[in-house]
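>>> let's see this in three dimensions:
(one chain, ligands or ions: 1)
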Amino acid sequence: MSTTPLVSIRDLSVEAAGATGPLHLLRGVDIDIAPGRIVGVVGESGSGKSTLASAILGLLASNVTKVGGEIRFQGLDLLALTEPQKRALRGDRIAMIFQDPMTVLNPVFKIGTQLVDVIRRKRPGVSRADAMAAAEAMLQRVGISEPARRLAAYPHQMSGGMRQRVMIAMALLTNPQLILADEPTTALDATVEAQIVEIFRDLQRESACSVLFISHHLGLLSEFCDDAIVVYGGLVVEAGPMAEIIGNPRHPYTAALLGCEIDEGESGTALKTIPGHPPSPSALLAGCAFAPRCALVDELCLRGPVPMAEVGAGVSVRCTRI
Ligand SMILES: Nc1ncnc2c1ncn2[C@@H]1O[C@H](COP(=O)(O)OP(=O)(O)OP(=O)(O)O)[C@@H](O)[C@H]1O
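Model prediction:
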């Protein structure tokens with residue numbers, strides 16, 4: 001596939017000031033997001049997933065001291081934008097969905113009022129009646145029953161799952177080219193999570209916009225993502241079409257993540273974890289970041305940084321055994 005990427009990230013590194021020295025939050029990340037593709041970013045807690053989303057949104061924390069490399073969005077150099085330019089991009093061409101809907105919803109306004117505001121920001125000339133009709137149709141689309149009645153409700157009158165859908169409706173109403181979704185189903189029970197996944201499945205079928213969906217749960221992502229990006233210790237360690245990543249994981253870390261999923265399915269208990277811990281962002285990596293936890297480690301893994309290598313079928317892997 002040779003379409004021009006919607007987002008092209010090259011050698012992105014993010015460093016923050018820590019109590020005892022620099023923290024390497026991202027260490028030379030390369031990612032392409034093609035138009036209309038749903039891309040799952042997976043990795044354990046602390047691997048750098050949210051930092052990646054924040055870098056794209058231009059919302060990095062104030063203690064970030066260095067950002068290197070390049071993030072291009074439709075050819076636009078995102079790291080060179082001014083604050084007002086970044087604000088204009090967010091909520092217009094780039095939408096965000098978070099774990100907690102109340103970061104986006106205003107508790108003192110009715111849902112209908114908030115959705116109409118979003119629509120009018122995008123289409124200033126639209127009448128209130130038309131905007132209300134569009135808001136109702138969008139609530140219907142994200143699976144909210146009795147959408148006309150819900151327009152008159154306040155956020156606190158809705159369940160957590162319903163508020164999450166309203167936030168997704170808000171994102172979709174801006175008609176964005178990219179949606180960044182950071183663990184939007186983590187706080188929800190399995191049934192509601194499955195319903196939210198269904199909305200993303202519809203988006204995948206429509207290919208209306210690209211989505212970068214962050215999760216620590218590879219099995220969940222495999223249900224609706226076209227592509228997968230596996231991050232570990234601030235590095236991308238494997239990337240490619242989801243079917244390939246799930247069907248034939250080449251990196252031992254990807255295989256370990258997948259092993260956790262299989263165990264979960266068999267035992268029906270909470271997600272199994274990989275023994276050991278990811279590297280601290282303060283660590284300087286001498287060799288492969290996963291080496292201390294890898295059952296297949298050998299002397300070559302510790303010799304120096306391991307580059308990404310293309311292995312065919314659209315897959316790239318950062319492993320000495322490839
Ligand atoms: N501004 C910051 N200052 C210091 N450390 C940070 C900062 N932002 C992130 N970190 C640390 O960098 C690492 C990566 O954080 P990040 O939130 O990107 O990971 P994540 O993969 O999204 O984790 P989670 O799944 O828990 O949200 C973590 O160890 C985190 O504690």
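>>> stretch 44-59: end-to-end distance?
21 Å (Cα to Cα, to the nearest Å).
>>> near the ligand at all, that stretch?
Yes. Stretch 44-59 lies within reach of the ligand by Cβ under 6 Å from any ligand atom, at S45, G46, S47, G48, K49, S50, T51. For glycine as for every other residue, the C-beta is placed from the backbone atoms N, C-alpha and C.
>>> contacts for that stretch, please.
7, 9, 12, 14, 25-26, 29, 31, 41-43, 60-61, 67, 71, 73, 78, 81, 83, 86, 89-90, 94, 96, 178, 180, 182, 212, 214, 216, 231-235, 257, 273-274, 278, 281 (Cβ atoms under 8 Å, 6 or more residues apart in numbering).
>>> among those residues, name the ones in helices.
E83, K86, L89, L257 (DSSP state H).
>>> tell me which of the residues you listed is nearest to S207?
L89 (21.3 Å; Cβ to Cβ).
>>> give me phi/psi at G161?
phi -60, psi -40 (degrees, to the nearest 10).
>>> repeat for A17
The phi and psi values for A17, taken as degrees, to the nearest 10, are phi -80, psi 120.
>>> stretch 65-72 near the ligand anywhere?
No. Against the ligand, stretch 65-72 shows no contacts by Cβ under 6 Å from any ligand atom, the least distance being 9.9 Å.
>>> buried sites along that stretch?
V67, G69, I71, R72 (16 or more other Cβ atoms under 10 Å).
>>> hmm, back to that, of the contacts of stretch 44-59, buried ones?
So, by 16+ other Cβ under 10 Å, the buried ones in these are 7, 9, 12, 14, 25-26, 29, 31, 41-43, 60, 67, 71, 73, 78, 81, 89-90, 94, 96, 178, 180, 182, 212, 214, 216, 231-235, 257, 274, 278, 281.
>>> can you lay out the ones in helices among the contacts of stretch 44-59 as TSV showing distance to I111?
Formatted as TSV, these follow (distance: Cβ to Cβ, whole Å):
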residue	distance to I111
E83	29
K86	27
L89	25
L257	37
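>>> one step back: in the buried residues of stretch 65-72, find the pair that's most separated.
V67 and R72 (14.1 Å).
>>> which residue, other than its chain neighbours, is closest to the closest residue to the ligand within the stretch 201-322 of the chain?
Closest to the ligand within the stretch 201-322 of the chain is P281: 4.4 Å, counting by Cβ to the nearest ligand atom. Setting aside the residues directly before and after it, P281 is nearest to L23 in space (Cβ to Cβ, 6 or more residues apart in numbering), at 4.0 Å.
>>> just checking: what are the partner strands of whatever helix or strand that neighbour lives in?
In this assignment (DSSP states H and E), L23 forms part of strand 21-33. With DSSP bridges as the test, strand 21-33 is paired with strand 7-18 (antiparallel).
>>> residues in contact with the strand it pairs with?
So strand 7-18 is contacted by 22-33, 48, 51-52, 55-56, 60-61, 63-73, 178, 210, 212, 234, 281-282 (Cβ under 8 Å, 6+ apart).
>>> repeat that for 6 Å
22-33, 51, 55, 63-73, 282 (Cβ atoms under 6 Å, 6 or more residues apart in numbering).
>>> pull the distance from that strand to the chain's centre.
Relative to its chain's centre, strand 7-18 lies at 16 Å (Cα atoms, centre = their mean, to the nearest Å).
>>> shaky segments in the protein?
1-2, 262-271 (pLDDT under 70).
>>> how much space between R150 and G143?
11 Å (Cβ to Cβ, to the nearest Å).
>>> E198 and V236: what is the separation?
28 Å.
>>> of these two, who's got more company?
V236 (27 against 14; other Cβ atoms under 10 Å).
>>> who in the protein is up against the ligand?
So the chain meets the ligand at 16, 18, 23, 25, 43, 45-51, 61, 63, 216, 281 (Cβ under 6 Å from any ligand atom).
>>> between which two of the residues you listed is the distance greatest?
Maximum distance among the residues of the chain next to the ligand (Cβ to Cβ): 23.8 Å, for N63 and H216.
>>> is it correct that the residue of the stretch 201-322 of the chain closest to the ligand is in contact with H24?
Yes. Between P281 and H24 there is a contact under Cβ atoms under 6 Å: 5.3 Å.
>>> and the strands in the stretch 201-322 of the chain, which stretches?
210-215, 227-232, 235-241, 309-312, 315-317 (DSSP state E, counting those that start in this stretch).
>>> can you list the strands that the third one pairs with?
The one in question is strand 235-241. strand 227-232 (antiparallel), strand 315-317 (antiparallel).
>>> thinking again about what came up before, so who does the residue nearest to P281 touch?
Contacts of L23 (Cβ under 6 Å, 6+ apart): A16, P281, S282.
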